[in-house]
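Novice: let's see this in three dimensions:
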Amino acid sequence: MDKTYQGVAVKRGAVRKTAVMGMLSALAFILMYLEIQIPIMPAFIKFDFSDLPALIGAFSLGPIAGIIIELVKNLLHATVSGSGMVGELSNFLLSASFVGIAGAIYKFKPTKIGAIVGTFLGAVIMAAVSFPINNFIVYPIYYNLMSKEAILKTYQAIRPSVSSIQECLLVFNVPFTFAKGIIDAAIMFALYKYVTPLIKRDNM
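Specialist: Okay, the predicted model is just below:
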């Protein structure tokens with residue numbers, strides 16, 4: 001009987017975890033549409049808050065769950081966007097590194113300090129990997145949709161002195177990516193006491 005009860009409890013926990021991941025993925029997908037255009041960035045780079053549900057998922061369900069939420073969010077968005085999955089690929093690779101690192105550190109140290117350290121390091125790593133990911137993976141694919149020269153001109157319209165895509169990534173994308181992670185972390189800390197019951201609950 002005990003084994004049967006444990007089996008039912010495990011199954012219920014798995015179903016509940018899947019349901020929570022589904023809801024967080026749906027919320028993240030919706031938040032992708034609440035985009036903010038940043039005047040000092042090219043028009044194709046926008047800010048949104050869609051990493052927050054994945055960050056909560058990474059803290060409450062584990063880093064793998066956070067990465068899966070990011071994946072589902074971007075797969076859903078790819079079905080309705082016209083970016084040829086280039087934007088979704090970039091978003092997934094960067095956001096997965098952010099929530100994955102943050103969630104892994106929080107899992108190792110499940111305290112507020114762990115959350116702060118995790119999200120900060122996640123933001124640092126996300127910003128650091130944004131250069132090679134964009135330079136060697138995302139932008140080369142993007143060149144099939146928009147020429148390298150045309151992309152460079154969108155950056156030069158904001159800062160005429162930049163002379164290469166690599167310089168653009170270092171001047172614009174890397175700082176923007178880090179700032180995005182820090183802003184997400186700040187919002188997470190503001191919501192910390194409200195999401196703590198969710199994060200601390202067992203079998204979520």
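
Novice: rest of the way, CA atoms for contacts and neighbours
Specialist: OK.

Novice: name the single longest helix found in this protein.
Specialist: helix 2-31 (DSSP state H).

Novice: got the buried residues for it?
Specialist: For helix 2-31, burial by neighbour count (16 or more other CA atoms under 10 Å) applies to 17, 20-22, 24-29, 31.

Novice: likewise for stretch 128-147?
Specialist: Residues 128-131, 133-134, 138-142 are the ones in stretch 128-147 that count as buried (16+ other CA under 10 Å).

Novice: any chance of those residues in CSV, with distance to L93 and pLDDT too?
Specialist: Output for those, formatted as CSV (distance: CA to CA, whole Å; pLDDT from 0 to 100):
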residue, distance to L93, pLDDT
A128, 12, 98
V129, 9, 97
S130, 9, 97
F131, 12, 98
I133, 8, 96
N134, 10, 95
V138, 10, 91
Y139, 13, 93
P140, 15, 94
I141, 14, 89
Y142, 15, 87
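
Novice: among those, which one lies nearest to G62?
Specialist: Within these, proximity to G62 (CA to CA) peaks at V129, which comes in at 21.6 Å.

Novice: tell me, how many neighbours does Q166 end up with?
Specialist: Residues lying near Q166 (other CA atoms under 10 Å) number 16.

Novice: run a quick check on it versus N135, I expect a contact.
Specialist: Yes - shown here, Q166 and N135 form a contact pair, counting by CA atoms under 8 Å, at 6.8 Å.

Novice: middle-most residue in this structure, spatially?
Specialist: By CA atoms, centre = their mean, the chain has its centre lying nearest to S95, at 2.5 Å.

Novice: got the contact list for that one?
Specialist: 51, 67, 70, 126 (CA atoms under 8 Å, 6 or more residues apart in numbering).

Novice: can you tell me the SS state at it?
Specialist: The local conformation at S95, judged by DSSP: H, G, I helix; E, B strand; the rest coil, is helix.

Novice: what's the spacing between it and K11?
Specialist: In this view, S95 and K11 are 29 Å apart by CA to CA, to the nearest Å.

Novice: and if you look at I30?
Specialist: 29 Å.

Novice: same check on F120?
Specialist: Distance, F120 to K11, using CA to CA: 35 Å.

Novice: wait, what's in contact with F120?
Specialist: Taking CA under 8 Å, 6+ apart, we find F120 in contact with 102, 181-182, 185.

Novice: ok, so of these, who is nearest K193?
Specialist: The nearest member of the contacts of F120 to K193, counting by CA to CA, is A185 at 13.7 Å.

Novice: wait, the closest one sits on T119?
Specialist: Yes - using CA under 8 Å, A185 is in contact with T119, at 5.8 Å.

Novice: these two: which has the busier surroundings?
Specialist: Set A185 next to T119 and count neighbours by other CA under 10 Å: T119 wins out with 28 against 25.

Novice: and the closest residue in space to the more buried one that isn't next to it in sequence, what element?
Specialist: Spatial nearest neighbour of T119, chain neighbours left out: A102 (4.8 Å); criterion: CA to CA, 6 or more residues apart in numbering. Take DSSP states H and E as the rule and A102 turns out to sit in helix 86-108.
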